[in-house]
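# Predicted coordinates and the sequence they were generated for:
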Amino acid sequence: MSEKHLEPAKSIVAKIGVPKCAEVTGKHVTRVYRWMAPREKGGTGGVIPYEDAAKLIDYFKANEIAFSHEEFFPVSEAIQ
């Protein structure tokens, strides 16, 4: 993955790779790459859509892949 890819999606995708994320969520690989792209380039700005995140969380749990919910949904520093 490239330095231009945005967090938190970049770290989540790196755990299992783009092809597996696409398989688990039922999305095309290009959609997975868009999670990591800036909004101004047609991406989601590093945000994995809720429904896809839920599928990935279920997959991580079922396959004993270490993760925390905060990795998917980081809390803004302004809220802390």
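Received, thanks.
# how about the helices of the chain, start to end?
Ranges of helices in the chain, per DSSP state H, are 9-16, 18-25, 29-35, 50-62, 69-72.
# Adding mean pLDDT and distance to Gly42, write the ones you listed out as TSV.
(Glycine included, C-beta is placed from N, CA and C.) Shown next, in TSV, are the helices of the chain (pLDDT from 0 to 100; distance: least, Cβ to Cβ, whole Å):
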stretch	mean pLDDT	distance to Gly42
helix 9-16	96	14
helix 18-25	98	17
helix 29-35	97	6
helix 50-62	97	16
helix 69-72	88	21
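# Now tabulate those in a markdown table and tack on mean neighbour count and distance to Thr44.
Output for these, formatted as a markdown table (neighbours: other Cβ atoms under 10 Å; distance: least, Cβ to Cβ, whole Å):
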| stretch | mean neighbour count | distance to Thr44 |
| --- | --- | --- |
| helix 9-16 | 18 | 7 |
| helix 18-25 | 17 | 13 |
| helix 29-35 | 18 | 5 |
| helix 50-62 | 15 | 10 |
| helix 69-72 | 14 | 13 |
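# what's the closest of those to Gly43?
helix 29-35 (4.6 Å; Cβ to Cβ).
# how about CSV for the helices of the chain, with distance to Lys41 added?
CSV is the format used below for these (distance: least, Cβ to Cβ, whole Å):
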stretch, distance to Lys41
helix 9-16, 13
helix 18-25, 17
helix 29-35, 9
helix 50-62, 19
helix 69-72, 22
